[in-house]
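need a 3D model of the following:
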Amino acid sequence: MDEKICFATSNFHKFEEVSEIARSYGIMLEHCNIPKIEVQAESLREIVLKSAILTRLYTNKPVLVEDAGLFIKALNGFPGPYSNYVYRTIGINGVLKLLENIDNREACFKSAAALIHENGVIIDEGEVCGYIVRSPRGTMGFGFDPIFTPYGETKTFAEMTTSEKNKYSHRAKAISRVFEKYVELKRTI
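Down below sits the predicted model:
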């Protein structure tokens, strides 16, 4: 495929993760560090769909938008779709403080991705479950990666290379599902 898809994100680490996945599907991504309207909603799916529509109107290019959240069981799914805001305000240490005397550390990272192109909209989701560690570990990744370990692993996401993380990642699952549908659609057109 020779067209580039505009991946709307200001997070270069996220761009690197998604670019690695895109290459495996023969898709070229362009890092579009443009103003992305942060839609607030209870659903990640709703957030990415509205953000993708607005970004498409702004760029008039094929657009990919992804959003994710950390859903902690003992906190009734908090911070969920508000993860970015929570990260920016109370950070990793604030979340660990909320879990200070809680034994149940189960959590899931969830992701939704939307691709708007000339033939329509593709949207899908991904999830990985695991647990919150008691103190941050690792220097790779971003956001809550230093405190999340997926089931079946001993490393946090921040202790993994991009390739290792993409084997488990909620984002990798959502993006892969979107790209699979996109590639299949391109074959039939």
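
averaged pLDDT, stretch 9-18. What do you get?
On average, the pLDDT along stretch 9-18 is 88.

repeat that for stretch 180-189.
On average, stretch 180-189 scores 91.

same question, stretch 165-175
Summarised as a single mean, pLDDT over stretch 165-175 is 94.

list the buried residues in it.
Neighbour-count burial for stretch 165-175 flags 165-166, 168-175 (criterion: 16 or more other CB atoms under 10 Å). The C-beta positions use only the backbone N, C-alpha and C, and glycine is treated the same way.

okay, now residue 14: neighbour count?
When neighbours are counted by other CB atoms under 10 Å, residue 14 registers 19.

what is the helix or strand containing it packed up against?
Assigned by DSSP states H and E, residue 14 falls within helix 12-24. If contacts are counted by 3 or more CB pairs under 8 Å, 6 or more residues apart in numbering; DSSP states H and E, helix 12-24 sits against strand 4-8, strand 28-32, strand 63-72, helix 162-168, helix 170-188.

contact partners of it?
5, 7, 9, 28-29, 31, 64, 66, 141-142, 162-163, 165-166, 169, 171-172, 175-176, 179 (CB atoms under 8 Å, 6 or more residues apart in numbering).

what's the ChimeraX line that selects buried ones from those?
What follows is the ChimeraX syntax selecting those of those that are buried according to 16+ other CB under 10 Å:
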select :5,7,9,29,31,64,66,141,162,165,166,169,171,172,175,176,179
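
I appreciate the help and will end here.
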